[in-house]
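Visitor: Give the three-dimensional model of this entry:
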Amino acid sequence: MIDVKHSLILVAVMAVVIAFLRFSPFIAFPEGRKRPKVITYLGSVLPYAVIGMLVVYCFKGVSVLRYPWGIPELLAALLVLGLHVWRRNTLISVFSGVAFYMVLVQLVFV
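Guide: Numbers count the residues shown, from 1 in each chain. Coordinates of the predicted model:
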């Protein structure tokens, strides 16, 4: 069994690594220094690429050949899309979609 001291050391090391990764862009490219064009380009396209990969990952296990035929996933995705087009708020869209999906799979498509 892992003891408390070992767990605290693990958490401390992970915290330092995460802090370094989060602060490294600001250290490498301070405010007065000009950023390379490739970094600016990656900063503009990577968020969309990450969202696209998350969508693919979320739908990879959906089976349209057996019950519930992917209906809860499709309805939740349409809700997220509709809310995002209407409100332009990612948090409202995603949280509403997740809550709606949970209601569907826990209460409707049992």
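Visitor: what does stretch 11-29 contact?
Guide: Under the contact criterion CB atoms under 8 Å, 6 or more residues apart in numbering, stretch 11-29 has outside partners 35, 39. Placement of C-beta: from N, CA and C, glycine included.
Visitor: Next, the contact list for F109, please.
Guide: Per CB under 8 Å, 6+ apart, neighbours of F109: 67-68, 71-72.
Visitor: cutoff 7 Å now
Guide: 68, 71-72 (CB atoms under 7 Å, 6 or more residues apart in numbering).
Visitor: Most neighbours among these, which one?
Guide: P72 (19 neighbours; other CB atoms under 10 Å).
Visitor: Give me the pLDDT value at that residue.
Guide: P72 is assigned a pLDDT of 96 by the prediction.
Visitor: hmm, back to that, just the closest of the contacts of F109 to I2, please.
Guide: P72 (38.1 Å; CB to CB).
Visitor: Am I right that that closest one is in contact with V105?
Guide: Yes - with contacts counted by CB atoms under 7 Å, P72 reaches V105, the gap being 5.2 Å.
Visitor: I'd like the average pLDDT over the stretch of helix or strand V17 belongs to.
Guide: In the assignment (DSSP states H and E), V17 maps to helix 4-28. Helix 4-28 shows a mean pLDDT of 94.
Visitor: for stretch 92-110, same thing?
Guide: 95.
Visitor: Restrict that stretch to CA atoms and write it as PDB.
Guide: What follows is stretch 92-110, C-alpha atoms only, in PDB (Å, rounded to 0.1, in the frame of the first residue of the first chain):
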ATOM      1  CA  ILE A  92     -23.500  26.400 -21.200                       C
ATOM      2  CA  SER A  93     -23.400  24.300 -24.300                       C
ATOM      3  CA  VAL A  94     -21.200  21.600 -23.000                       C
ATOM      4  CA  PHE A  95     -22.700  21.400 -19.500                       C
ATOM      5  CA  SER A  96     -26.200  21.300 -20.900                       C
ATOM      6  CA  GLY A  97     -25.300  18.600 -23.400                       C
ATOM      7  CA  VAL A  98     -23.700  16.500 -20.700                       C
ATOM      8  CA  ALA A  99     -26.600  16.800 -18.400                       C
ATOM      9  CA  PHE A 100     -29.100  16.100 -21.200                       C
ATOM     10  CA  TYR A 101     -27.100  13.100 -22.300                       C
ATOM     11  CA  MET A 102     -27.000  11.700 -18.700                       C
ATOM     12  CA  VAL A 103     -30.800  12.200 -18.300                       C
ATOM     13  CA  LEU A 104     -31.300  10.300 -21.600                       C
ATOM     14  CA  VAL A 105     -29.100   7.400 -20.800                       C
ATOM     15  CA  GLN A 106     -30.200   7.100 -17.200                       C
ATOM     16  CA  LEU A 107     -33.900   7.700 -17.400                       C
ATOM     17  CA  VAL A 108     -35.100   7.600 -21.000                       C
ATOM     18  CA  PHE A 109     -33.100   4.900 -22.900                       C
ATOM     19  CA  VAL A 110     -32.800   2.400 -20.100                       C
END
